[in-house]
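Here's a sequence, model it:
(chains A and B)
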Amino acid sequence: MSDGVTDLGLWGVPLAMLAGAIRVSTPFLFVSLGECLTERSGRINLGLEGTLVFGAMAGYAIAYETGSPWLGVLAAALSGAVFGLAHGVMCALPRVNDIAIGIALMLLGTGLAFFFGKPYVQPVAPDLPSIPFGWWSDIAQVRAALDVNALFLIGLALALGMAWMFRATRAGLIVRVVGDGAEAARALGVDPLRVRALSTAAGGALAGVGGAYLSLYYPGSWNEGISSGQGLMAVALVIFARWRPVNCFWAALLFGGAGALGPALQSVGVTGGYHLFNAAPYVLTLGLLIAASSPSRALAGAPAALGFNR
Amino acid sequence: MTQTLPDAPLFAQALGPAALAGLARRAEAVAIPLGALLAGLAAFSLFLAALGHSPAAFYALVWRAGFGTGFSWENTLSRAAPLLLAALCVALPARLGLVVIGGEGAIALGGLAAAVAAGIGGPLAPALMALAAMAAGALWIGAVGWLRHARGVNETISSLLMAYVAIALFNHLVEGPLRDPASLNKPSTAPLPDALRMGEIPGVGVHWGLAVGVAACALSWLLIERTRWGFAARIAGGNVRAAQLQGLPVGALVVGFAALGGAFAGLVGLFEVAAVHGAANASLMAGYGYSGILIAFLARHNPLAIIPAAVLVGGLEASGGLVQRRMDLPDATVLVLEGFVFVAILLSETLYGRCRVFAPERWGRA
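All right, here's what the predicted structure looks like:
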């Protein structure tokens, strides 16, 4: 990689942000797709932040023990599904609040990840492979930017597949009906609690995969500071994306680009205000959340049973 | 004159039915959280046992490090002091139906504001520090309440995002413009002069934050239970539409309660700076805001119940170091235990009104 490094001047910033958008967006994409599925069924799972961290730990630990990063991804998905299923089953009890359970699972998931992840802070696990789409270029930065991880492409396919599922399949229709009201679902002979539990479990599995990407590809190691709110930002991103999977993909790219702003500026020598630039994704999320929310009416595109406007 | 049910015990027949019905309701409010707490501890015991550790040894260590001796009580109460105030930052907005989880940001900014105010100096510096800390916290969490009311922004997400922004702002200022050049390894603001350092409560061995925290809980209880603002807040927390139809100032209540909670969180920062660290640095972000969430839910957002809940969690967290050394468990063990207890408390919500022992009708039939 060291050959062909060209001084791009300030052009390095947009290029690094494009590279960052592709590299940083994948966890956002997976978590937001998972949350999109969960919320379409009428529940909010704020615990995905904890699921993401646990998935990062589980993925890294299993990849290290088995030597296969893909087994790590599988383990992360399974552990995420367990957390999601726990959320789904507990919220089926009367008067148990989905937002509060989400917060509790956020803390529990993070705690369990730190508990079991302690021995894996030092060892080095194998990374997930990436596909060099930038082979045609002589510029090292361009090649690095277009080094696309397979999970990114899988995420894109998932977004398209999920959009198709909601639009054209029976399963998608059932999730949507449940999300618009438990009564209507019961009238159709569908058990809404079961659909919600399964949707939350599937959403958790996706969030777990997002975590595995963090520890197995970028930044590519396991430590206790691996996620700083990406899981929670992804939940906000779903609101901005109006509960549409394909919009989740574009929003994830946008958030990835914002997340890359700090490191990109640093790479061209702008070091002052490092912490402020790193806060850009949070400010962006907050701004988009404010713009996307509305005081009076239910949000456009929101599943009717969703408890955001209690 | 009064007739009780045939199965009511003797002591029950000595009291009137109305008093008994009230007693049954209160007993429910105490018994269910306590039962949930025990269930959480039991679930954690199974977790430990499954990993081959002895739960009995664990709880014996927690008892010794957290509650067994005078020294451990000192340690526990020192940890409980910030937790009391941090929990109010969750419990006060919760009375209006808001789930605010970003107290950590208000704590950081409160501490920073206090450190900056200390630099201004003058005879009024202590009052200025307290005001600055409270104002910073109130502004931050008050904004969360305002966004919720005026724009319909989900306050749980916005408060946590604001906390990340606050911590970034804190790090930027403490590592940049406000950094004391003498702080080499750990960027800090200039150390407080000795005159502005806060001492301990005489005879207790704990800084004044504990007394202020207990007073804040008591005052918050009075505010909610005994004033018309608290009454209005309880109505608005139960049913916003009904409160608006009654002409209650829902917006002012939401922003006011959130800001008051934020002011208390800001005070955590003040005491951490003035009584513990002597300057604003990264040690301020010790997770008090997150423990406060658990405590507020454990207390079911009742400010008086926050006091025992904060002491309990303070004791648990005080024992973390000893547990880590003696049992060779990771330092996250206490986090896992807290997670189990949190889940158990939330699940117990489903039991209210469903345990027949506590049904007022059973005791209150005249």
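
Number of residues surrounding residue A:60?
Applying other CB atoms under 10 Å in any protein chain shown, we find 32 residues neighbouring residue A:60. C-beta here means a position set from N, CA and C on the backbone, and glycine is covered the same way.

try residue B:246
12.

pretty sure it is touching residue B:235, no?
Yes: using CB atoms under 8 Å as the test, residue B:246 is close enough to residue B:235 to be in contact (7.0 Å).

can you give me the helices in the stretch 51-200 of chain A?
All helices of the stretch 51-200 of chain A, identified by DSSP state H, counting those that start in this stretch, fall at A:69-90, A:98-117, A:140-145, A:150-168, A:170-179, A:182-187, A:192-216.

Can you tell me what sits against the fourth one?
By that I understand helix A:150-168. With CB atoms under 8 Å, 6 or more residues apart in numbering or on different chains as the test, helix A:150-168 has contacts from A:22, A:25-26, A:29-30, A:33, A:36-37, A:40, A:73, A:128-131, A:171-172, A:175-176, A:206, A:209, A:212-213, A:217, A:244-246, A:248-249, A:252.

Any stretches of the chain with poor pLDDT?
By default, I'm working from chain A. A:1-6, A:296-299, A:307-310 (pLDDT under 70).

that's the other chain; I wanted chain B
In chain B, residues with pLDDT under 70: B:1-14, B:364-366.

Quick one: work out the angle between the lengthiest helix in it and helix A:98-117.
Ordering each helix of chain B by length in residues (DSSP state H) puts helix B:17-50 first. Between helix B:17-50 and helix A:98-117, the angle comes out at 30 degrees (axes from the mean of the first three to the mean of the last three CA atoms, to 10 degrees).

which is the next helix or strand following helix B:17-50?
helix B:55-63 (DSSP states H and E).

How about the residues of the stretch 101-250 of chain A by chain B?
A:101, A:103-105, A:107-112, A:114-115, A:118, A:228-229, A:232-233, A:235-236, A:239 (CB under 8 Å from any CB of the partner chain).

which SSE is residue B:304 in?
Per DSSP H and E: helix B:303-318 holds residue B:304.

again with residue B:167
Counting by DSSP H and E, residue B:167 is found in helix B:155-175.

Give me the distance between the closest residue to residue B:134 other than its chain neighbours and residue A:228.
Spatially, and ignoring its direct neighbours in sequence, residue B:134 is nearest to residue B:263 (3.9 Å; CB to CB, 6 or more residues apart in numbering or on different chains). Going from residue B:263 to residue A:228 by CB to CB, to the nearest Å gives 26 Å.

between those two, who's got more neighbours?
Per other CB under 10 Å, whichever of residue B:263 and residue A:228 has more neighbours is residue B:263, with 28 against 16.

Quick check, the more buried one in contact with residue B:132.
No: using CB under 8 Å, residue B:263 makes no contact with residue B:132, being 11.0 Å away.

one step back: so which of the helices of the stretch 51-200 of chain A is nearest residue B:354?
Closest to residue B:354 of the helices of the stretch 51-200 of chain A is helix A:69-90 (CB to CB; 16.1 Å).

Check the offset of that closest one from the chain's centre.
14 Å (CA atoms, centre = their mean, to the nearest Å).

so what's the residue nearest the centre of chain B up against?
In chain B, the centroid-proximal residue (CA atoms, centre = their mean) is residue B:87; its distance is 1.5 Å. Residues near residue B:87 by CB under 8 Å, 6+ apart: B:291, B:292, B:293, B:295, B:296, B:299, B:306, B:309, B:310.

of those, list those near chain A.
residue B:293.

quick one, what contacts the residue nearest to residue A:68 when sequence neighbours are not counted?
Closest residue to residue A:68 apart from its sequence neighbours, by CB to CB, 6+ apart: residue A:126 at 7.2 Å. Counting by CB under 8 Å, 6+ apart, residue A:126 makes contact with A:63, A:64, A:67, A:68, A:69, A:216.

Closest one to chain B out of those residues, please.
Distance to chain B, by CB to the nearest CB, is smallest for residue A:64 among the contacts of residue A:126, at 17.2 Å.

how many neighbours does the closest one have?
20.

again, but for residue A:103
25.

That one contacts residue B:156, correct?
Yes: with contacts counted by CB under 8 Å, residue A:103 reaches residue B:156, the gap being 7.3 Å.

Give me the common contacts of the two.
A:46, B:99, B:101.

Mind putting these into JSON lines with neighbour count and secondary structure?
Below are the shared contacts of residue A:103 and residue B:156 laid out as JSON lines (neighbours: other CB atoms under 10 Å in any protein chain shown; DSSP: H, G, I helix; E, B strand; the rest coil):
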{"residue": "A:46", "neighbour count": "26", "secondary structure": "coil"}
{"residue": "B:99", "neighbour count": "22", "secondary structure": "coil"}
{"residue": "B:101", "neighbour count": "26", "secondary structure": "coil"}
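
wait, which of the residues you listed is closest to residue B:253?
The closest of the shared contacts of residue A:103 and residue B:156, once distances to residue B:253 are taken by CB to CB, is residue B:99, at 16.1 Å.

I'd like to know how far that closest one sits from residue B:286.
With CB to CB as the criterion, residue B:99 and residue B:286 are 22 Å apart.

now residue A:186
The value you get for residue A:186 to residue B:286, if CB to CB is used, is 48 Å.

Could you report the neighbour count for the nearest residue to residue B:57 once chain neighbours are set aside?
In this structure, residue B:57 finds its nearest non-sequential neighbour in residue B:327, 6.5 Å apart by CB to CB, 6+ apart. For residue B:327, the neighbour count with other CB under 10 Å is 14.

check contacts around residue B:327.
So residue B:327 contacts B:53, B:57, B:58, B:61 (CB under 8 Å, 6+ apart).

For chain A, see how far away it is.
Distance, residue B:327 to chain A, by CB to the nearest CB, to the nearest Å: 13 Å.

Same check on residue B:127?
31 Å.

quick one: the particular helix or strand that has that residue in it to chain centroid distance?
Using DSSP H and E, residue B:127 sits within helix B:125-146. Relative to the chain's own centre, helix B:125-146 is displaced by 17 Å; criterion: CA atoms, centre = their mean.

is chain B contacted by the longest helix belonging to chain A?
If you go by DSSP H, chain A has its longest helix at helix A:12-40. No: applying CB under 8 Å from any CB, one finds that helix A:12-40 is not in contact with chain B, the shortest distance being 11.2 Å.

again with stretch A:77-85
No: contact between stretch A:77-85 and chain B is absent, the nearest approach being 11.3 Å (criterion: CB under 8 Å from any CB).

Going by neighbour count, list what's buried in that stretch.
A:77, A:79, A:80, A:81, A:82, A:83, A:84, A:85 (16 or more other CB atoms under 10 Å in any protein chain shown).

Could you single out the nearest of those to chain B?
residue A:83 (11.3 Å).

In contact with the closest one, which residues are there?
Contacts of residue A:83 by CB under 8 Å, 6+ apart are A:47, A:50, A:51, A:54, A:105, A:109, A:204, A:208.

how about those, which pair is most distant?
A:105 and A:208 (12.7 Å).

Please identify which of those two sits among more neighbours.
residue A:208 (34 against 29).

Right, I'll leave it there.
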